[in-house]
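# 3D, please:
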Amino acid sequence: PLNGASFFIPNASIAGNTASVTFTVPANRSVTIETSLDLATWWTWDVPGNDGLPTSGGTFTLSGPAVGPRQFFRAKLNEK
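Numbers count the residues shown, from 1 in each chain. Below is the predicted model:
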C-alpha cells in the first residue's frame with residue numbers, strides 16, 4: 001500500500017490451442033484464475049497449479065487448453 005507502482009498485473013496469451021496466464025504474486029497471497037466465454041458465467045480454470053493455495057511469492061504461469069474462440073480470464077488475489 002505504500003508503493004503506487006506495486007499493483008497486480010496478470011498477462012493472458014493464446015498460442016495455438018494453449019492459453020496461458022502469467023502473474024507475479026506477493027508472498028503469503030493466493031491467486032485463483034477464473035475463465036469465461038461470455039463475461040457473464042465464470043468458473044475456476046481447471047489447470048494444474050490453479051489451486052488457490054498461498055505461495056511464497058514470485059512469478060507464475062498457468063497454461064491449459066483454450067476452450068473457445070473467445071476466452072476471458074480474471075484473477076482473484078487473496079491475502080492469507
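# show me where pLDDT drops low in this protein?
Residues of the chain that meet the criterion pLDDT under 70 lie in 1, 4, 6.
# tell me where it has strands.
Secondary structure of the chain (DSSP state E): strands at 11-15, 18-25, 29-36, 43-44, 58-65, 72-79.
# I'd like those as CSV, with distance to residue 5 appended.
(Each C-beta comes from the backbone N, C-alpha and C, glycine too.) Output for those, formatted as CSV (distance: least, C-beta to C-beta, whole Å):
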stretch, distance to residue 5
strand 11-15, 17
strand 18-25, 13
strand 29-36, 17
strand 43-44, 30
strand 58-65, 16
strand 72-79, 17
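# where's the residue most central in space within the chain relative to residue 13, distance?
Against the mean C-alpha coordinate of the chain, by C-alpha atoms, centre = their mean, the closest residue is residue 33 at 3.8 Å. Shown here: residue 33 relative to residue 13, a distance of 13 Å by C-beta to C-beta, to the nearest Å.
# and residue 68, how many neighbours?
Counted with other C-beta atoms under 10 Å, residues neighbouring residue 68 total 11.
# do the same with residue 31
Using other C-beta under 10 Å, residue 31 has 23 neighbouring residues.
# what do you get for residue 14?
Per other C-beta under 10 Å, the neighbour tally for residue 14 reads 11.
# now it, nearest residue through space, not along the chain?
Nearest in space to residue 14, with sequence neighbours left out and distances taken as C-beta to C-beta, 6 or more residues apart in numbering, is residue 66 at 5.4 Å.
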